[in-house]
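Colleague: no sequence on hand, only this structure:
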């Protein structure tokens, strides 16, 4: 059996009992270390799971899937992924590959940012499509996300914005010389994300985002207990705080839609940079007054 | 500390290690038995968790939250919920109540249908808003869901449709006589859901759903291993199969949107009632041809 097992969102204790049992039955256990980022060191996982973990990076999962799947027809093999297995298309690919090889597969689900985002107090059924925001460079500012945000905004839906991560990047020099030396990972910060949103609004100018009257909520380490950090405010309020004030990466951002409900305003108020400004903006820009 | 702990989607082994630790520290453990439905008997949960569970139904969580929260300022108290804690607004209510009482709270996340739905092969970021479908009666056929499905369909997004559950219903006679005698739980079946969708399309007639050219995917017991059942086809194909062929409740239904990707078609093909019809409809009605 080939298992893909979700590890959840914060550390080694977020695995399910079902997932742990599958790991303990497995003869090889791969740990995928790229579609998202672990919040915990590999050795802590190994200590708890009582299994050595084989690191599987993007190259390996995409190009060496047959190696990962070897003998999975007769043995149990597990691939561990952060969040839920269906958060990334790569996992669909390897499941399709297993199916083609007639290897039985099983997915063990866990929390992912796609549902844990409810922690900010906004209701999941009021979310539209999810978008990804990549790092802008001086010459490359891909803005197709803006069209999707606009679709959500036009309907009054909230938008979950997933922020870019750069792992295993090579410098131009190393790339040119063919040296497999990688830069340290980079995570997009909340102020960078908000600055890119505002910059894109200036360029596209379709009036869907406003620094002073669009509300947003920043989240990091959702479900991570003490490490969890949730901050709510106008785009401008979020822009003007230091990146460090948003906790450790990964970060996500929610753009609040106009179908905002007063219960959502109440719940998220606890996270507001400025509670008065949060309430006032909800009332004036969203027509959502608290009693 | 007041914990709300997600149990995940299928049985007692879907709890996380973090959740199990919190339960074992708790002096009282409540099991919420209404926003969704457990796939497992209470005594199996109690055996694994080594704690007696106090059943908390809707009335109790909504009207007796202070009883549930009693002494949570000095002891650990847990409320267990199926799926993820943020799947239902009631949990937001009780967290707000705890906050008002200055009781520290912590949410322990888990998989919910909102992310596990990825098991059908459709990508999560291509889903629009989620809708709920309630049982129609002869005199009451609420169709506001249709407007929301239309919003998704117009954008080409997939729609997750959550199907109605009736628990703790009273017959008219028992209600009239004030007798707290409840009918057995009822779960909406896939054929009933599809029939209601088609009926609503006939009434509203805005051309967003078609028996022969709208594709949909039915899911039950996602993540439940052998019990998991996923069936894909046109609305008509799904309508014409017996309710029992869709596995045990709870059921969910996905209406496939036009932004369908060929990788999604390939993946879901395994679940098709008729693979040729699945491919042909994807090609002809969705413009999504497989190589």
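Modeller: Cool, got the structure. Just so you know, these numbers come straight off a predicted model, no measurement behind them.

Colleague: quick check, pLDDT for residue A:289.
Modeller: At residue A:289, the model reports a pLDDT of 83.

Colleague: go on, residue A:223?
Modeller: On the pLDDT scale, residue A:223 gets 82.

Colleague: over to residue A:36?
Modeller: Residue A:36 is given a pLDDT of 53.

Colleague: what's the answer for the one 3 residues further on, then?
Modeller: At residue A:39 the predicted local confidence, pLDDT, stands at 63.

Colleague: and residue A:230, helix, strand or coil?
Modeller: At residue A:230 the chain is in strand, as set by DSSP: H, G, I helix; E, B strand; the rest coil.

Colleague: check contacts around it.
Modeller: A:119, A:120, A:217, A:218, A:219, A:220, A:222, A:271 (Cβ atoms under 8 Å, 6 or more residues apart in numbering or on different chains). In short, each C-beta sits where N, CA and C put it, glycine included.

Colleague: excluding its backbone neighbours, what's nearest residue A:42?
Modeller: Spatial nearest neighbour of residue A:42, chain neighbours left out: residue A:53 (5.8 Å); criterion: Cβ to Cβ, 6 or more residues apart in numbering or on different chains.

Colleague: tell me, how many residues neighbour residue A:20?
Modeller: Look at residue A:20: counted by other Cβ atoms under 10 Å in any protein chain shown, it has 20 neighbours.

Colleague: is the lowest-mean-pLDDT helix or strand in chain A anywhere near chain B?
Modeller: Ranked by mean pLDDT, DSSP states H and E, the weakest helix or strand in chain A is helix A:58-63, scoring a mean of 81. No. Using Cβ under 8 Å from any Cβ of the partner chain, helix A:58-63 stays clear of chain B, with a minimum separation of 13.5 Å.

Colleague: distance between that helix and the chain's centre?
Modeller: 20 Å (Cα atoms, centre = their mean, to the nearest Å).

Colleague: could you list the buried residues of that helix?
Modeller: Under the neighbour-count criterion of 16 or more other Cβ atoms under 10 Å in any protein chain shown, helix A:58-63 has A:60, A:61 buried.

Colleague: picking up where we left off before, touching, the residue nearest to residue A:42 and residue A:29? I think so.
Modeller: Yes. Using Cβ atoms under 8 Å, residue A:53 makes contact with residue A:29 at a distance of 5.5 Å.

Colleague: those two: who's more crowded?
Modeller: Counted by other Cβ under 10 Å, residue A:53 and residue A:29 do not tie: residue A:29 has more neighbours, with 24 against 18.

Colleague: flag every residue of the stretch 151-291 of chain A that's near chain B.
Modeller: Residues of the stretch 151-291 of chain A lying close to chain B (Cβ under 8 Å from any Cβ) are A:151, A:155, A:157, A:222, A:223, A:225, A:263, A:266, A:267, A:270.

Colleague: so how far is residue B:107 from the one residue in the stretch 151-291 of chain A that gets nearest to chain B?
Modeller: Going by Cβ to the nearest Cβ, chain B is nearest to residue A:223 of the stretch 151-291 of chain A, at 4.4 Å. Distance of residue A:223 to residue B:107, given as Cβ to Cβ, to the nearest Å: 7 Å.

Colleague: shared neighbours of those two, anything?
Modeller: Jointly contacting residue A:223 and residue B:107 under the rule Cβ under 8 Å, 6+ apart are residue A:119.

Colleague: low-confidence ranges in chain A?
Modeller: Flagging of chain A using pLDDT under 70 yields the residue ranges A:34-39, A:291.

Colleague: the stretch 51-200 of chain A: helices as residue ranges?
Modeller: Secondary structure of the stretch 51-200 of chain A by DSSP state H, counting those that start in this stretch: the helices cover A:58-63, A:65-69, A:89-100, A:113-116, A:144-155, A:172-176, A:190-204.

Colleague: mean neighbour count, the ones you listed: which tops it?
Modeller: helix A:113-116 (a mean of 28; mean count of other Cβ atoms under 10 Å in any protein chain shown).

Colleague: what helices or strands is that helix leaning on?
Modeller: Other elements packing on helix A:113-116 under the criterion 3 or more Cβ pairs under 8 Å, 6 or more residues apart in numbering or on different chains; DSSP states H and E are strand A:159-163, helix B:113-116.
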